[in-house]
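Chemist: Curious how this folds, go ahead:
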Amino acid sequence: MARIDLISPHAPVNAATRLKAAMEGVTPDSPQQVIGTGTEHDITLWVHRPNFRNDMKTRLIARMQPHSGGTRIRGRLGGPRSVFVFFGCWFGFVSLFLVVGLTMLAASFAEGVGLHALMFVVVPVFMLGVGGFILWVGRRDAREDRTAILAFLQQTLATRPFSSRDL
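Modeler: This next block holds a predicted model:
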């Protein structure tokens, strides 16, 4: 998840009101658009896709703080940490089985048994492929979603990147 630091000329309550108004009327059949939840203190945004569920979707989780008559929005933009932990465990555990399978396969050839241990290599390779495919499907729209969320904030709240001159 990438850290973001934005500033908006709108006060936190006004910013929350503008965000709520921009998201009114969203139903499960609504076209693809940025939606979310929040208050004048917190905000969570993601891209809604009709008839598509993905728990790996890119989302913005941020805090809104008053700053010089406007709002400073600081948070993280990206996939949930739990996805990276899960797939790290998945690939690590399956890779361990692959190493064991390759060792068994090498030992079976050394003993002249042949391809008896091949299934201990084929199954982990298949599981690694399935995990990679699931990760690819879940993250293929991440760059577009990140751009859409930042564009939504810029359009709705007139945000711009926070810089040291804003202090």
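
Chemist: pLDDT at Met1, what is it?
Modeler: Looking at Met1, its pLDDT reads 73.

Chemist: List the buried residues of the host helix or strand of Leu153.
Modeler: Secondary structure from DSSP states H and E places Leu153 in helix 142-157. Buried residues in helix 142-157, counting neighbours by 16 or more other C-beta atoms under 10 Å, are found at Ala142, Asp145, Arg146, Ala148, Ile149, Leu150, Phe152, Leu153, Thr156, Leu157. Just so you know, the C-beta spots here come from the backbone N, C-alpha and C atoms, and that holds for glycine as well.

Chemist: Just give the closest residue to the first one, not the sequence neighbours.
Modeler: If the residues on either side of it in the chain are set aside, Ala142 comes closest to Thr58, at 4.8 Å by C-beta to C-beta, 6 or more residues apart in numbering.

Chemist: likewise the second one?
Modeler: Counting by C-beta to C-beta, 6+ apart, Asp145 lies nearest to Thr58, which is 3.9 Å off, once chain neighbours are set aside.

Chemist: Count the neighbours of the one you found for me.
Modeler: Burial of Thr58 is recorded as 24 neighbouring residues (other C-beta atoms under 10 Å).
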